[in-house]
Structures are given as structure tokens and as C-alpha cells.
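Undergrad: coords below, sequence missing:
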């Protein structure tokens, strides 16, 4: 097992190199460069001044050289400086990622805790009223654009109910002037999380319920379940001890896939709720051609995805004794 | 302590009232007592302004977003600045005078200015600020302020380490030297002043990295101190108690991040007190219905369509005129900017290239402008006469070439989404022009028409952008229409070249007196209008909307809310 993990980790190096080359190439293909985006319209800088900035940032060199320079810096932990923020990228990104993370982790835990029992019950009572209700719910949830749902909540929940905040992460005046206590701040943030967490949970709930339901249905039709039932075991024991544990296997895989998403922000949702997350920052960094920021973030997400896959594979082997890695 | 003070104040006022009530022969003895506190007004209250963006880079030499600029405006001071009436007045400068040859300007500075850490502001801070702007390693976007200064090229080109452009004559006198005597030189002396001891601790020639690294911890001599920046949440500014200037009697200014879709709800529900620069008719109606105060002013700038004067069919002035005649600008403005509640149109149309507040405009000029009234027949006739004939497909052809327009448009852009169907109707079907719309995101368009324009000149015929003009001086036309500014990285985006216009621009920029320069700019405006180099589409009306508790906020297009705070008051 350990050698397997070690081998997979070694595999990561060429995979990451390939990913970074592709990302760098695509970023380089985009028309415009960070200097143009930073100067914008009407800066009236001379062409010499523009050229000077490019030289200082190493943007005058050909793409492959820029890539090699980037690799050299990145390996030493220097992710570059953002031209817009004028701060090292590694100082900017973590703050936003953390904000996105607390939103996502709460939503994910809630989604899993609701989806598993609901999915099982739907599977057991397949095509019943309960199942049909959740099927309609899931399909609506999957089809509804998140920002639209968010706006609905703002206008029909937050505005009539005055204690539910419209948006933001903290009450402005307290965030500026300070809170009475740390606890008051935590409570305030929780209050501000109500709407965005609701949207995030319902959206991921929709597909999760379908996932759990289908995987339980698959298992229920297996021979050993019939055997268990014919042994005279209680239905509860059959479902929760025998069926559920086997149905868990694909769900564990799903969990691995969810990991990168935990750190990724949602552009639209964070914009509508003005949540200081990473989503919008990354989106604007594309528009701003903020190469350092883009590269650092993309590499981080690529790494998370690859690591998530690895984790899923390993946990798959852990829950399913039939799967043995060599 | 405070209670005691106000009590004393009451006693003082009461006795003053009583005394003035009895007789006017005896002078009030209380006033002569040195212990009696003068009724000095203390800054009070908190203002929350909604902003949609800010990166936290509040370094005046490097910031790029207008919202970061608001913080810079409040934290730093300049030598001189335009007042509400649009005239320059001294801020740090006591007085200024031009040298006889007009190439130098000497500023006498006020001696009471201190930075918020207590260090006095002296001439060396001003010299430092401009040295960084001129430095060969400077990577900010404000280098244009120094490019006309004496010795800039040698300093920037690393031929000398001494910058002759700005020199300190003594601690409180600073002299700016320019290569030529230009009217606009004075405007280049208005840069925010950075404290050398703070930003320039590790600064050396050709090494500005340490100046650049100070971003959100801004320190200046302005009315406010930068207290706190919370990413995507808020910026807190507090009144600088060492500020030596007048006004700014609001104690705390908070800029809160808002979203365009819900900002008006935040205002009506009391989360923010002020939303500057609102343009959407629905939001304005909502604010008016809820009893908010509105400041209205014309945008200084406009949205425009520029035509490619160098390549393709639009290189022919007749084609441009035909297009102008068949572009129903009034129809667009009257529908797009209509306030349904009042029937008012929240924008105006214009035919000259100036900002609405430019001193180059007068009624005579407006009367002489061709307004290219919508006239499809006239447009068709222009093309017929120029030899463009319709082929079997209904597309006009001349010398075997189809009349094709390559439109560089932005996707998800409300204005363009309204304009393009109009163009398809009037230019496409009405004139027989083949339209080819390419959707390009904003920075790609900039790459096309500015930064990489030499390589892309054949790729586009027209594009739409909007401009904001931050000065009433029409000199801004220089870089937009002078033939020296054609090429990659330069601003003559329509690639228009006319020796007559070049000559007028060169002559007018050196004329110090505005009234003498005015006829020349008007002549330029007429030529550009006649040749249809650019089609200004709209100049919209801006609204600053705020709660009634905020009073006396004067704003205009060149005097934004940060400047308006000088006289504004807020009720608790």
C-alpha cells in the first residue's frame, strides 16, 4: 500500500509539469498581456515606458524562457507578484481561499448529512411519493442557476426578515470598528453564512441525493441482499448494515472529487453575496491577465485535483477489501 | 472630560447670549479669559459609501482602480487641485508662478503641512515623488506626468542620476522645469505627495522595488488616515487629527463593497449611506421614491464609436459619413437612457470630441457641428455617388471589394447588445453593408486597437468604448488624433492622420491663454466632425444618491464625492 502511494506521488511530478506547461501555454495564447491590462485606456504612458515595464517583469522574453523562469521561481516557493495588487501572490490568495473554504466545508458537511439518509430512503421506497418528491427537488436544484436562486433568497428571505443579512461576511460597522468579543464575531459570520450556505447546500444536495439513491438501488438488487433478507434479518439491518456499507464505496470516491471544490470559490455566488472568497478574485485575474496569480491558483487547483483523485483511490481500497492495489 | 467641556461650552454660550442681550457697550469679558475653550468643531459621525471594487493597493504611484483612487484622494494631498468651480487652488502650495520663458513653475509651499506620523511635509518629499515617477525601474502607470519634464529622457535612459525636472530650492519652495512651455504643464504638477522617509527608506536610483511594496499601509498628509482594509469587505478611514487643511468634518469614512444587482437595496435598507455614480434609471427611480437625495451631473466623457481611418472601407471619409448618417444615435439614447417614471432621458448626444465640461465648447460651436441627422436616403446617396454599387446579394461593392465592416464588440455588453441590432437594420439592410461582428473581451479589444494595433490594423473597422476625461482642457485630443500617436501602444486608435489637425494641435498646446487656444480646438472639432473620424454616442448623466442624513455634499463630474466630503456633514 505504501509503495503504491509513493509511486502515485512520484507520478505527480510529470503530471504537474505537463499541466503547468499547458496552462502556461494557454495563458500565453490569450491576446493582451498584464501590462496592457494594468495600463488600460488613457494612461498616456510612452511606448518606451511600456517597454520598460515589460522588461522589468520579464515579459519581453519568449514564452518558453518565461516558463522556465517561472518554474525556477516556483520551485523555490516564489509565486511572483501580482501587478494589480503589487503584493506577492502567496500573501493574497490564502486569505480568500480560507473564506471560500469555511463556506464550502459547512455546505458540504450539511449536504452529505442530508443526502445520505434521504438517498437511502428514496432508494428503499423507489418510485414512491417520497422518492418522487426528492427526484423533482433534485432536478430543480440541478437546473436552477445558483445566482438566480441567490437573488430569490435575497429578495424574498433577507429583505423581509431583517435579521438575516443581505450579503457580506460581517456586519460592516462591527467589521470596521471591532467586535465586543471573538464569539460575537463568530456568531455574526455564522449569521451571514445562512443564505450562501443554503444555496450551496441545496445545489450540491441535488446531485448527491441522486448519487446515493442510485448506488443504494444497485446494491439492493444484488444477490447477497436477497440472501440477507431470506435469512430473516430485519429490513433495517439489511439496509444499513449490508446494503449501505457497500453503497458507500462510490460515495467515498465522490468525496475525493469534492476536495478541490472545497477550496475553489463560486464566481457568481460570491459576487452576488459579496462573500470575500477566491472565485471572483480568480475570475478578475483572468480579465487582468494577472499571470502570476493565474498560474499560482491554477497550479494549486491542479494539485488539489490530482491529490483528490489519489485520496479517492486510496480510500476506495480501504473501504472495499476486494480492491487491492499492487 | 467631554461632559465637562460641553458644560463649559454651554455656560460660555449662555453667558454670551445673556450679555449680548443686555447691552452692546460692555465687551463680553468671558471671551478674554484664556481658559474658555473656543467653540472648535470636532469631526463626528460615520459615512458608509458603497463601492464595487478595490484591490487594496493604495499606493498613489501604482494603483490602477478608480476605487483605490478614492482612498488615495482622501489620504494624500497635492500641491494644487481643482476646486468645485474647476479652478486650480493651492492645497499644499501657498502660491505659484511661471518663469518668464513659461518653462518653469515655482511653488511656494505652506509650512503647516505634516504627514499623519507627525513628520513635516517639505520640498524633498515632492522631489522624491517625481523622482520615482521618472525612475528607469518605475513600473506604475503614471509616468506620463513626468515625460514632458526637463531631463526626463536622460534620467529615464540612465544617462544621468540627477533629475532636473523637479528641484527643491529650499525646504518650502519647489521648482518644476519642463522641456517646453505648455499650457498643460501645470496639471502635471498635481501629483499626490508621498513622504520620503516612509516610502523612500530604501529607495535608490533605478531601484523602486521598496516604494512599490508599500500598498495598503498608505501614509500621507491628507484629511484621512488609512485604518483598515478587509479584502472584499471594507476600507476604514479615520479623520487625520494632524490634518492642517480645512473641512472634512466626518470622523469615519467606510467604503463597503456592494454588488451592482443589490446596491440600491443596501441603500434603501440603510446598509450604506451613499452610492456614487449611479446611471441606471430603475435605481434612480427607486431612490427618489424612497426620499433619498440625488446629485446630478453630466459625465465628463462619453461612449463613442471610432472608425478605422487607415485600413478597409472606413479609410474613405465618404463611407464614414454615410455610416454616421445612418446611425440613429438619438433613437438609441432616447430608448436606452429613458427614465420610465419621469420620461426624462438620462443622457445627452454630442457631436464634438470634448468633454461636456470642456472650456472649448460654446453655443457657436454647438451650432456649427453637423449633427448627422438620421437620413438613410442621404447615406445611400453618399455611397452611390462614391461608386459603391449593390451586387446581387444586396451588398455594396466597389472595385471588386465588398463594403464590409468588421465590428470589434464586447460580449455581454448591454449597450452593444442594443446597438448591434440597430446597425444590422440600418447599415446592413438599409445601406447594404456586410457586417461582421467579432466578440472580443475588453483587454483583447485594447490589444487590437492600442497595444498591438500595428499588427491588427486590418482586423477591425470600428469599435465601441467609453472614455472619462479628467480635465476641462481639450489638450486630451492631442494623443487621440495627432498622427505622432499612431502605432502600437499609442492612443490615436482611429489611426487618423491629418497635417492640418497636427499643426493646430501643436500650436494650441503651447498657448497659455484658454481663450486664445479655444478657436483652434473648435476648428479641430469641426474637422473631426466633418470627416466622421469618431461618432460620440452618448454622455450619460451620473447620479450620486445618498441618505438625507448626509448634507451639503457638493459633487460634479470633476469633483467627486471624496472631494465633496470637504464641506459635507453627517447627522448622527
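TA: Perfect, thanks for sending it. Everything numeric in this text was worked out from a predicted model, so none of it was measured.

Undergrad: Tell me how many other residues surround the nearest residue to residue B:527 once chain neighbours are set aside.
TA: Spatially, and ignoring its direct neighbours in sequence, residue B:527 is nearest to residue B:501 (5.7 Å; CB to CB, 6 or more residues apart in numbering or on different chains). For glycine as for every other residue, the C-beta is placed from the backbone atoms N, C-alpha and C. Applying other CB atoms under 10 Å in any protein chain shown, we find 21 residues neighbouring residue B:501.

Undergrad: quick one, what contacts residue B:501?
TA: Taking CB atoms under 8 Å, 6 or more residues apart in numbering or on different chains, we find residue B:501 in contact with B:481-483, B:524, B:527-528.

Undergrad: how close does the residue nearest to residue B:135 when sequence neighbours are not counted sit to residue A:242?
TA: Nearest non-adjacent residue to residue B:135, counting by CB to CB, 6+ apart: residue B:208, 5.1 Å away. Distance of residue B:208 to residue A:242, computed by CB to CB, to the nearest Å: 70 Å.

Undergrad: okay, these two: which has more neighbours?
TA: Using other CB under 10 Å as the criterion, residue B:208 and residue A:242 rank with residue B:208 on top: 25 against 19.

Undergrad: Could you double-check that the more buried one lies in contact with residue B:137?
TA: Yes. With contact defined as CB atoms under 8 Å, residue B:208 and residue B:137 form a contacting pair (4.8 Å).

Undergrad: related to what we said a few turns ago, filter the contacts of residue B:501 down to the ones in helices?
TA: Taking DSSP state H as the definition of helices, the contacts of residue B:501 contribute B:481, B:524, B:527-528.

Undergrad: so can I have a markdown table of those residues showing neighbour count, distance to residue B:64 and pLDDT?
TA: Formatted as a markdown table, the ones in helices among the contacts of residue B:501 follow (neighbours: other CB atoms under 10 Å in any protein chain shown; distance: CB to CB, whole Å; pLDDT from 0 to 100):
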| residue | neighbour count | distance to residue B:64 | pLDDT |
| --- | --- | --- | --- |
| B:481 | 27 | 25 | 95 |
| B:524 | 26 | 30 | 96 |
| B:527 | 16 | 34 | 96 |
| B:528 | 21 | 29 | 96 |
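
Undergrad: ok, which pair from the residues you listed is furthest apart?
TA: Pairwise distances across the ones in helices among the contacts of residue B:501 peak at 9.1 Å for B:481 and B:527 (criterion: CB to CB).

Undergrad: For residue B:274, grab the count of nearby residues.
TA: Residue B:274: 27 surrounding residues under other CB under 10 Å.

Undergrad: any idea how chain B splits into domains?
TA: If you go by automatic domain parsing, the domain ranges for chain B are B:42-75+B:222-273+B:547-572, B:77-212, B:301-540.

Undergrad: most tightly surrounded among those?
TA: Across these, averaging neighbours per residue (mean count of other CB atoms under 10 Å in any protein chain shown) puts domain B:42-75+B:222-273+B:547-572 on top, at a mean of 20.

Undergrad: do that one and chain A meet?
TA: Yes. Residues of domain B:42-75+B:222-273+B:547-572 are located near chain A by CB under 8 Å from any CB of the partner chain, namely B:46, B:48, B:55-57, B:59, B:62, B:64-65, B:227-228, B:230-234, B:236, B:252, B:254, B:256-259, B:261-262, B:265-266, B:269, B:271-272.

Undergrad: Narrow those residues to those in strands?
TA: Using DSSP state E, B:46, B:48, B:227-228, B:230, B:234, B:236, B:252, B:254, B:256-257 are the members of those that sit in strands.

Undergrad: between those residues, which is nearest residue B:173?
TA: Distance ranking of these against residue B:173, using CB to CB, places residue B:227 first at 33.6 Å.

Undergrad: Just give me the residue right at the centre of the chain.
TA: Because you didn't say which chain, this covers chain A. Centroid-nearest residue in chain A, with CA atoms, centre = their mean: residue A:261, separated by 1.6 Å.

Undergrad: Chain B is the one I meant
TA: Residue closest to the mean C-alpha point of chain B, counted by CA atoms, centre = their mean, is residue B:470 at 3.3 Å.

Undergrad: you'd agree the residue nearest to the centre of chain A is in a helix?
TA: Yes. Assessed with DSSP: H, G, I helix; E, B strand; the rest coil, residue A:261 lies in a helix.

Undergrad: that older thread, please enumerate the shared neighbours of residue B:481 and residue B:527.
TA: By CB under 8 Å, 6+ apart, residue B:481 and residue B:527 have these common neighbours: B:498, B:501.

Undergrad: correct me, but residue B:270 touches residue B:546?
TA: No. Using CB under 8 Å, residue B:270 is not in contact with residue B:546; the gap is 11.9 Å.

Undergrad: Please give me every residue in contact with residue A:309.
TA: By CB under 8 Å, 6+ apart, the contact set of residue A:309 is A:256-257.

Undergrad: That one sits in which helix or strand?
TA: Using DSSP states H and E, residue A:309 maps to helix A:291-319.
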